[in-house]
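Engineer: pasted the sequence and its predicted model underneath.
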Amino acid sequence: MSLGVRAYRRDEKGEQEFLGVERPGGGEPTLFGSEVCRTELWGAPCMKELGAVLLPGLAEQDLYVEGTELESLKSEVEHLLANCSTISAATGYREDFIAFRLENLLLAVKTAMSVEGCLGGVVVW
């Protein structure tokens, strides 16, 4: 199985409605790694050592982030992007593999943040 990332908004009934996200330069914007990345990459000890709080939770469960937590996730992802070489050295995953998936998450977060009324969110599952 594969992990996917999607931005969504809540409709008037509170239901999730997925939003389209385009990746500049091409590539599939919903990719977030294989299932084993939950523990080997996103849940790796180096993530917490780098200060990640939300993303390591993928080791235990799917990640749903809405409202004010989106800004925290955005900051976390930007910090991890700046440290791809450290993550790569600690996990054995290639830097471009890590960066591509973090960029997908960042695109989803920015899309969710653009939804009026704080009704946007991101799911990684």
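Structural biologist: That came through fine.

Engineer: quick check: longest strand of this protein.
Structural biologist: Under DSSP state E, the strand in the chain containing the largest number of residues is strand 2-10.

Engineer: so which residue is dead centre in this structure?
Structural biologist: The residue lying closest to the centre of the chain (CA atoms, centre = their mean) is Leu105, at 3.4 Å.

Engineer: hey, where'd the helices end up in the chain?
Structural biologist: All helices of the chain, identified by DSSP state H, fall at 37-40, 45-49, 69-81, 84-91, 95-113.

Engineer: would you turn those helices into a markdown table with distance to Gly57?
Structural biologist: For glycine as for every other residue, the C-beta is placed from the backbone atoms N, C-alpha and C. Shown next, in a markdown table, are the helices of the chain (distance: least, CB to CB, whole Å):
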| stretch | distance to Gly57 |
| --- | --- |
| helix 37-40 | 10 |
| helix 45-49 | 10 |
| helix 69-81 | 11 |
| helix 84-91 | 16 |
| helix 95-113 | 13 |
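
Engineer: nearest to Pro29, out of those helices?
Structural biologist: helix 95-113 (5.2 Å; CB to CB).

Engineer: what's the most buried one of the helices of the chain?
Structural biologist: Neighbour counts (mean count of other CB atoms under 10 Å) averaged over each of the helices of the chain peak at helix 95-113, with a mean of 20.
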